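> Just the structure for this:
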Amino acid sequence: MTDYLSDDFLLRSKTARSLYHEHAAALPVIDFHSHIDPQSVADDQVFGDLAALWISSDPYKWRAMRMNGIAEHAITGGAPGREKFDAWAQTVPYTVGNPLYHWTSLELKRYFGIDAQLSPGTADAIWAECNRQLPEPRLSARGLLKQAHVELLCTSDDLLDTLAPHRRMQAEGGGLTMLPSLRADRIVAVDAPGFQAFCGGLASATGIRIDGLDAFKAAICIRLDVFQAAGCCVADIGLDRPIFEPADDGVAESSFDRLMAGGTLDALEVLQLKTALLLHLGGEYQRRDWVMQLHIGAQRTTSQRLRGSTGGAGGYACIGSSSDVALVCALLNQLEVQGALPRTILYTLNPSDSDMFASVTGSFTGEGMPGKVQFGPAWWFNDNRDGMVRQLKALGNMGLLGRHIGMTTDSRSLLSYSRHEYYRRILCNLVGEWVEAGELPQDPDFLEKFIRDLCYFNARHWLNPQTDSGLQQRMQGTP
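Numbers count the residues shown, from 1 in each chain. I've put the predicted structure just below:
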């Protein structure tokens, strides 16, 4: 019997243990999709208590606590930190089988040196010990990122964000590079109640009077230039369902005019206008040599009660229905026809779509550009052992696993970098299984390169497909 959370956690063979400890464990982290607050990093925030660090920004935990019957007051409400921590301690023993159980153990052990399992019986001691350690510099925001060997952090930023934290970090220099990553959802959310207010903010930020679709696009480009100057190389958008509904010239312009005049659009007109904006953004990303990320398949319309009390990222969404891959391909194809298809990462939330999305990586390619379209890391509800193995196997079966760009945190918690360790252990165990079964050669040089590429080097090289020089310039804040 193997001890829980030993040095060989999740590593079931001699080969797996060798691959992880000798090649994967010490590699830096390239985090090209994160929701960590850039201001907390720029300020090098010191957290007042464990709940502020560990619970207040983690919808994964919120979701589990709700399922355990915890009152919202003790989850996202105004309860004291200790009450929120106790609610989490009450919930953890019930998370067996969920990655939260492993992540909780890893985070306590790696950052605080605590081997005890969190439960109501251990809550007092763990709370006291962690809070005792929190003032130490290694547990500030930057200290935590340094401990996790984070080399590049791409945050998720709205088009109208100032990007002041990123510029401040670049001016200070140091071992950590923090770059903005555009979250473009509000640009295409033409059917959202706040769209006109967003356009007003965009007009104020750019000095452009938004009196038509061309003016809107011009204002967007001004802000994209601001992101470019701050080193942005990645843009992201969440599409609950794929969108592609092209229209004749003038249709989108007419719909935009009517919308800005206070009118409403029917469902078809909404899709046509969104398609026009997606095509515009894709072309701009390609022109700037950015990566386009498409997160597809969430069902975000669930509990109106929770949306009303917690906002748009409260941890109440679920897996959506299988996606229409024809629409995904039509969007990518139209961009390709226009010579405007950027490097692209496709994420799916529905695990039944894994093979389908992995196969799309072979449908859109680029000469001299390995892996132009990527099947993204196991995302959200797939971010668990089974989901990671499924994603890796799907890509291996349908595409080029050796070109995969690895893992992201996709998290708001600074302790979530244990997920990179989790991924690396799972990857090494899977490859170890193949070697031990005689399905891969016992070639140390081949295996070392394969593991190191999937943990670090593929992501680093792929962010700039020619050489690392472009990425290095962005890391140094040079546009």
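> only C-alpha atoms for contact and neighbour calcs from this point on.
Will do.
> Which parts of this structure are strands?
Assigned by DSSP state E, the chain shows strands spanning 29-31, 150-157, 177-183, 234-239, 291-296, 298-299, 318-319, 343-348, 373-375.
> quick check: domain ranges of this protein?
Recorded structural domains for the chain (assignment: automatic domain parsing) are 27-45+144-430+456-475, 50-139.
> between the ones you listed, which gets nearest to Lys449?
For the domains of the chain, proximity to Lys449 was assessed by C-alpha to C-alpha; domain 27-45+144-430+456-475 is nearest, at 9.1 Å.
> mean confidence for the closest one?
The average pLDDT within domain 27-45+144-430+456-475 is 94.
> Put together TSV for the strands of the chain, with mean neighbour count and distance to Ser411 on each row.
As requested, the strands of the chain are exported to TSV (neighbours: other C-alpha atoms under 10 Å; distance: least, C-alpha to C-alpha, whole Å):
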stretch	mean neighbour count	distance to Ser411
strand 29-31	25	10
strand 150-157	23	10
strand 177-183	26	14
strand 234-239	21	14
strand 291-296	22	14
strand 298-299	20	16
strand 318-319	17	16
strand 343-348	24	15
strand 373-375	27	19
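> where does the stretch 1-150 of the chain dip in pLDDT?
The stretch 1-150 of the chain contains no residues with pLDDT under 70.
> can you map out the helices along it?
14-19, 38-42, 50-54, 59-67, 81-91, 99-112, 123-133, 141-147 (DSSP state H, counting those that start in this stretch).
> Could I get the buried residue list for the last one?
This means helix 141-147. Neighbour counts over helix 141-147 (16 or more other C-alpha atoms under 10 Å) mark Ala141, Arg142, Gly143, Leu144, Leu145, Lys146 as buried.
> for the first one, same thing?
Burial within helix 14-19, assessed by neighbour count using 16+ other C-alpha under 10 Å, is assigned to Thr15, Ala16, Arg17, Ser18, Leu19.
> any idea how far the last one is from Ile405?
In other words, Leu19. Taking C-alpha to C-alpha, to the nearest Å as the criterion, Leu19 is separated from Ile405 by 18 Å.
> Then the third one?
Separation of Arg17 from Ile405 (C-alpha to C-alpha): 22 Å.
> list the buried ones in stretch 187-200?
Ile187, Val188, Ala189, Val190, Asp191, Phe195, Gln196, Phe198, Cys199.
> Oops, could you answer that again for stretch 332-342 instead?
By neighbour count on 16+ other C-alpha under 10 Å, the buried set for stretch 332-342 is Leu332, Asn333, Leu335, Glu336, Ala340, Leu341, Pro342.
> roughly how far out does that stretch sit from the chain middle?
On the basis of C-alpha atoms, centre = their mean, to the nearest Å, stretch 332-342 sits 24 Å off its chain's mean C-alpha point.
> Over to stretch 265-276?
With C-alpha atoms, centre = their mean, you get 27 Å for stretch 265-276.
> That stretch: which residues count as buried?
By 16+ other C-alpha under 10 Å, the buried positions in stretch 265-276 come out as Leu265, Glu269, Val270, Leu271, Gln272, Leu273, Lys274, Thr275, Ala276.
> Wait, the fourth one touches Pro242, no?
No. Assessed by C-alpha atoms under 8 Å, Leu271 is found out of contact with Pro242, at 10.1 Å.
> any shared contact partners between those two?
Contact criterion C-alpha atoms under 8 Å, 6 or more residues apart in numbering; residues shared by Leu271 and Pro242: none found.
> gap between the residue sitting nearest the centre point of the chain and Pro242?
Nearest to the mean C-alpha position of the chain, counting by C-alpha atoms, centre = their mean, stands Asp410 at 3.0 Å. Asp410 sits 20 Å away from Pro242, taking C-alpha to C-alpha as the criterion.
> Isn't Leu134 up against Ala52?
No. Taking C-alpha under 8 Å as the definition, Leu134 is not a contact partner of Ala52, at 10.7 Å.
> which residues touch the longest helix seen in the chain?
Ordering each helix of the chain by length in residues (DSSP state H) puts helix 267-288 first. By C-alpha under 8 Å, 6+ apart, the residues outside helix 267-288 that reach it are 187-191, 217, 221, 228, 235, 243-247, 251-252, 255-256, 291-292, 331, 334-335, 340-343.
> try it again with 6 Å
Val188, Phe244, Glu245, Pro246, Ala247, Ala252, Ala340, Pro342 (C-alpha atoms under 6 Å, 6 or more residues apart in numbering).
> and Leu213, how many residues sit next to it?
For Leu213, the neighbour count with other C-alpha atoms under 10 Å is 20.
> Grab the nearest non-local neighbour of it.
Closest residue to Leu213 apart from its sequence neighbours, by C-alpha to C-alpha, 6 or more residues apart in numbering: Glu253 at 5.4 Å.
> Surely the one you found touches Asp214?
No. Contact status for Glu253 versus Asp214: not in contact, 7.9 Å apart, counting by C-alpha atoms under 6 Å.
> Between those two, which has more neighbouring residues?
Glu253 (15 against 12).
> just to revisit the earlier point, tabulate the strands of the chain (a markdown table), appending distance to His461.
As requested, the strands of the chain are exported to a markdown table (distance: least, C-alpha to C-alpha, whole Å):
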| stretch | distance to His461 |
| --- | --- |
| strand 29-31 | 10 |
| strand 150-157 | 13 |
| strand 177-183 | 16 |
| strand 234-239 | 14 |
| strand 291-296 | 12 |
| strand 298-299 | 29 |
| strand 318-319 | 32 |
| strand 343-348 | 13 |
| strand 373-375 | 13 |
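> out of the ones you listed, nearest to Thr91?
strand 318-319 (19.9 Å).
> Would you enumerate the residues in contact with Gln90?
Gln90 makes contact with Ser119, Pro120 under the criterion C-alpha under 6 Å, 6+ apart.
> how about 10 Å then?
By C-alpha atoms under 10 Å, 6 or more residues apart in numbering, the contact set of Gln90 is Met65, Asn68, Ile70, Lys84, Leu118, Ser119, Pro120, Gly121, Ala123.
> ok, now Ile208?
Counting by C-alpha under 10 Å, 6+ apart, Ile208 has contacts Gly200, Leu202, Ala215, Phe216, Ala218, Ala219, Ile220, Ile222.
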